[in-house]
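Engineer: everything below, folded, please.
(chains A and B)
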Amino acid sequence: MQVYRGKIVTSILAVVILLTLVLSGCGNGNTNAGNTGKTDNEGGTNSQAGNDNTGEKPAEKVTIEFWAQKFEDTTDAWFKKWTDEFNKTHDNIQVKLQIVPGDAWAQKLKAAQAAGKAPDLMTMSYSGIAPAAKIGQIKPLNDLMDPAVFDDLYENIKEFVTVGDQFYAYPKLVEPSAVLYYRKDLFEAAGLDPEKPPVTWTELIEYGKKLTQKGVFGLSTAQTAPDLGWSSWGLQYNAAGHLPVTDDWSKADVMNDGYKELLNYYKTLYQDGIIPKQQLAGYADATPFGEGKLAMTISGSWSIGLFRNDFKDMLDKIGVAPMPSIDGDPTKPTATLGGWTLVVDGKSKQPEAAAKYIEYLLAGDPGIMIDFFKTSQFSKFSPRKSVDEAMAQDPAASSDEWRRLIAEKVIPFAQAEPNYPWDISIAFATAIESAMKGEDVDKALAKAEKTINDFIAKQSLAGTNPK
Amino acid sequence: MKKKTRLDNVTAFTMLIPIVVLLTIFVVIPFIYALYVSFYDWSFYQDSEFVGWSNFSNVLSDPLFMMSIETGLKFALFVVPAQMILAFFFAHVIRGMGTKLSGFIKTSIYIPTIISGIIASIIFVFIYDYNAGLANVIVNMFGVENQAWLADAKTALGSIAIPAVWLGFGITSLIMLAGLLDIPESYYEAADLEGAGSWTKMVYITIPLMKNVVLYLLIVGFTGAIQQFELPLVMTGGGPLNETTTPNLYIFNHFRNDLLVGHSIASALLLFVVLGSISAIIFKVLNSEKAVDG
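Structural biologist: Next up, the predicted model:
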């Protein structure tokens, strides 16, 4: 009986606690949802209240919420290290860093925005800046930061973070989206010259066939629409000279030979069994190559960091080359320059303090950024002239051959990421995937054309390109 | 006498208050609010703009939305019948067992129910791995070459239906078992006296008396399966070629990627209409009745 009563008490307690939790969560959500539907001001008061609660201890100290997307462990550690350092040296600002996994990022951020609790400061990729700026989700930084820090940026990268005449983000790094990695030892075993990696798509296919054996696939690249959506941008520039919409976003532009060849390239790779029928890991993750399951892989420059940190005994077998071009012309783009920036939320109550942190971390002492590029094994590149100049003095950086190859042969020809809505990228990527899975190339392209045009019409997209 | 009824009513209404309050907070208000905002283009950073029916017409004219509803239905047709039949036979087997053994079996088949869908998805992603997954090891034994279970449009939906059956099968069996044990033993005894065989007993006693349980399981199963979300999210990301994009994943993708939220809300409301209609059809076809045994 005693035990029985204990159980009842416990369960009643549990129900009460649960109810309280649920109700309190709802109370917040409800008021906030009400606010977001109305005016910005009301939403603002709400988040103000939130801030007062968190920063109530010392009178003047402001607390900045900072969400960083989860990258390599070394990057996370770098963020932690320098955030601690910032907090130590800035008495009146406390930055609270939270590392958020990539697959939870979008929904977590949306939920926080809906509740009026978005972080003051967050990481954002280049392609997200223009759309976010358009709806006021991020603040312009011109008045928040010293204008001199923007002069330090390379001209082309300055453009990546500019919308209209305002800077909406400060860049941390650039990294080309496509580089070819190959196994020199397997090249030799297959009778290929390990010093002569393929330079055309035809060669890439031919080499891939020769290198495919039991247990080792010849090549790996993106093969699902979500991966192809962004990783094929560079190759679209390579084959067609442009992306699937006209520059003013008024209509689709895919019915041409360049795009047909692009689809045929992917189709051959898949249909001839050069790439696995089901991908071993996502495009961004080159682990299967490091584990020896692939003879060649196409991935971003960031994979160099992975190989150097996690697959040290493979390093002398790995060759690095620019991604082959459709006709062998090495000056045509094969990659887009992706990368990450820091932005200040449009509703942040402490934009100056947030901007101060950006200025300290990304735009201040070049030593901080050099520390980052070192921990990422020089697999990423600086958007700032002064950092590159300082790095040139660093023996480890200047003698790194892979770094030089990418800096000289890939980055100068790489293009910026597009800033149109993701729906367009995914519509075109679906065309690639359906061609791979056996759909006729012309039909696949016609379908993509229709989907993109429908999307443009529904969203009244024509003429809204902010750049 | 009259006074007593009124007192009873007061007690009844008092006891109903908590659930009515909770329903109002969690269901009625959000629902009305969702209806209201579905007519606006809105984001969390801008003023909303009234757009009339355009969110709804955009969703309805989106072939992907229609395809996702179809995918949801197909998925439910894969999952629910398989689950029900398996559960029905399993419940029968358990009923015939001794107490100790049946307790053990009941616990073991219930385990998948308490495993999170995400964990199950990850386990099954390993099983379907192209290079060294268990599924391919098994088909290799029969001389079949490696299959791209999750990347082939023909097998993807079926492949994610299997973990769904596995996850839901335990609770379905237990509910079926409860339904079976609820049928009075005397009916079977009477049937035995009349010389009915086990097949006849099944068709004329067990199945008709299980109708309400089956109705419940069908509706819960169908609406649950159509709303399946985490399995395709983790295992296939909705691919290949959107073959496994269930309605909820479609809504989720829009919620995640769109700058404006109206489209997601309109599609969620339309999904509500679809689910409501399916439940209504099942009710109509099966015609729920009060149990006759009393």
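Engineer: assign a three-state SS to the nearest residue to residue B:238 once chain neighbours are set aside, would you?
Structural biologist: In space, and not counting its chain neighbours, residue B:238 is closest to residue B:245: 3.7 Å by Cβ to Cβ, 6 or more residues apart in numbering or on different chains. Backbone N, C-alpha and C define where each C-beta goes, glycine included. The local conformation at residue B:245, judged by DSSP: H, G, I helix; E, B strand; the rest coil, is coil.
Engineer: pLDDT wise, what is residue B:245 at?
Structural biologist: Turning to residue B:245, the model gives it a pLDDT of 94.
Engineer: please name the bridge partners of the residue most central in space within chain A.
Structural biologist: A centroid search over chain A (Cα atoms, centre = their mean) returns residue A:125, at 5.0 Å, as the residue closest to the centre. According to DSSP bridges, residue A:340 are recorded as the beta-bridge partners of residue A:125.
Engineer: for the helix or strand harbouring residue A:133, name the packing helices and strands.
Structural biologist: Secondary structure here is read from DSSP states H and E; on that basis residue A:133 sits in helix A:126-134. Helix A:126-134 makes packing contacts with strand A:162-163, strand A:336-338, strand A:340-344 when contacts are defined by 3 or more Cβ pairs under 8 Å, 6 or more residues apart in numbering or on different chains; DSSP states H and E.
Engineer: and the contacts of stretch B:119-135?
Structural biologist: Counting by Cβ atoms under 8 Å, 6 or more residues apart in numbering or on different chains, stretch B:119-135 makes contact with A:215, A:276-280, A:293, B:112, B:136, B:146-151, B:159-160, B:162-163, B:166-167, B:230-231, B:233-235, all of which sit outside it.
Engineer: change it to 10 Å
Structural biologist: Contact partners of stretch B:119-135, identified using Cβ atoms under 10 Å, 6 or more residues apart in numbering or on different chains, comprise A:215, A:217, A:276-280, A:288, A:291, A:293, B:112, B:115-116, B:136-139, B:146-151, B:155-156, B:159-160, B:162-164, B:166-167, B:230-236.
Engineer: try stretch A:364-374
Structural biologist: So stretch A:364-374 is in contact with A:74-75, A:78-79, A:81-82, A:85-86, A:146, A:149, A:152, A:172-173, A:305, A:356-358, A:360-363, A:379-391, A:393-394, A:396-397, A:403, going by Cβ under 10 Å, 6+ apart.
Engineer: who does the host helix or strand of residue B:216 touch, helix- and strand-wise?
Structural biologist: Under the criterion of DSSP H and E, residue B:216 resides in helix B:211-226. Contacting helix B:211-226 under the criterion 3 or more Cβ pairs under 10 Å, 6 or more residues apart in numbering or on different chains; DSSP states H and E are the following elements: helix B:63-95, helix B:156-182, helix B:262-286.
Engineer: switch the cut-off to 6 Å
Structural biologist: helix B:63-95, helix B:262-286 (3 or more Cβ pairs under 6 Å, 6 or more residues apart in numbering or on different chains; DSSP states H and E).
Engineer: if you compare those, which one is most tucked away?
Structural biologist: Using mean count of other Cβ atoms under 10 Å in any protein chain shown, the stretch among the helices and strands packed on helix B:211-226 with the largest mean neighbour count is helix B:63-95, at a mean of 19.
Engineer: what are the buried residues along the next helix or strand along the chain from that helix?
Structural biologist: Towards the C-terminus, the helix or strand next in line after helix B:63-95, according to DSSP H and E, is helix B:99-114. Residues B:106, B:109, B:112 are the ones in helix B:99-114 that count as buried (16 or more other Cβ atoms under 10 Å in any protein chain shown).
Engineer: which of these sits closest to chain A?
Structural biologist: Within the buried residues of helix B:99-114, the smallest distance to chain A is 20.3 Å, found for residue B:106 (Cβ to the nearest Cβ).
Engineer: okay, the closest one: pLDDT?
Structural biologist: Per-residue pLDDT puts residue B:106 at 87.
Engineer: picking up where we left off before, put the buried members of the contacts of stretch B:119-135 into a ChimeraX selection.
Structural biologist: Applied in ChimeraX, the following selects the buried portion of these according to 16+ other Cβ under 10 Å:
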select /A:217,276,277,278,279,280,288,293 /B:112,136,146,147,148,149,150,151,155,156,159,160,162,163,164,166,167,230,231,232,233,234,235,236
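Engineer: please enumerate the strands of chain A.
Structural biologist: For chain A, the strands defined by DSSP state E occupy A:62-69, A:93-100, A:121-125, A:162-163, A:166-167, A:170-171, A:175-176, A:179-183, A:296-299, A:318-322, A:336-338, A:340-344, A:415-416.
Engineer: can you tell me which of the ones you listed comes nearest to residue B:51?
Structural biologist: Distances from residue B:51 to each of the strands of chain A were compared using Cβ to Cβ; the minimum, 24.5 Å, belongs to strand A:162-163.
Engineer: show residues contacting the closest one.
Structural biologist: By Cβ atoms under 6 Å, 6 or more residues apart in numbering or on different chains, the residues outside strand A:162-163 that reach it are A:130, A:133, A:466.
Engineer: ok, the second one - contacts?
Structural biologist: If I follow you right, that is residue A:133. Shown here is residue A:133, whose contacts under the criterion Cβ under 6 Å, 6+ apart are A:163, A:168.
Engineer: go on, residue A:277?
Structural biologist: Applying Cβ under 6 Å, 6+ apart, the residues near residue A:277 are B:148, B:151.
Engineer: quick one: residue B:267 and residue B:14, what's the gap?
Structural biologist: Look at residue B:267 and residue B:14: by Cβ to Cβ, to the nearest Å, they are 39 Å apart.
Engineer: and what of residue B:213?
Structural biologist: Relative to residue B:14, and taking Cβ to Cβ, residue B:213 is found at 32 Å.
Engineer: again, but for residue A:426
Structural biologist: In terms of Cβ to Cβ, residue A:426 sits 54 Å off from residue B:14.
Engineer: now swap in residue A:342 and tell me
Structural biologist: Residue A:342 sits 55 Å away from residue B:14 when distances are taken as Cβ to Cβ.
Engineer: who has more neighbours, the two?
Structural biologist: Legend: neighbour count by other Cβ atoms under 10 Å in any protein chain shown for residue A:342 and residue B:14, higher for residue A:342 (24 against 9).
Engineer: among the contacts of stretch B:119-135, which ones are in helices?
Structural biologist: Secondary structure assignment (DSSP state H) places A:288, B:112, B:136-139, B:156, B:159-160, B:162-164, B:166-167, B:230-235 from those within helices.
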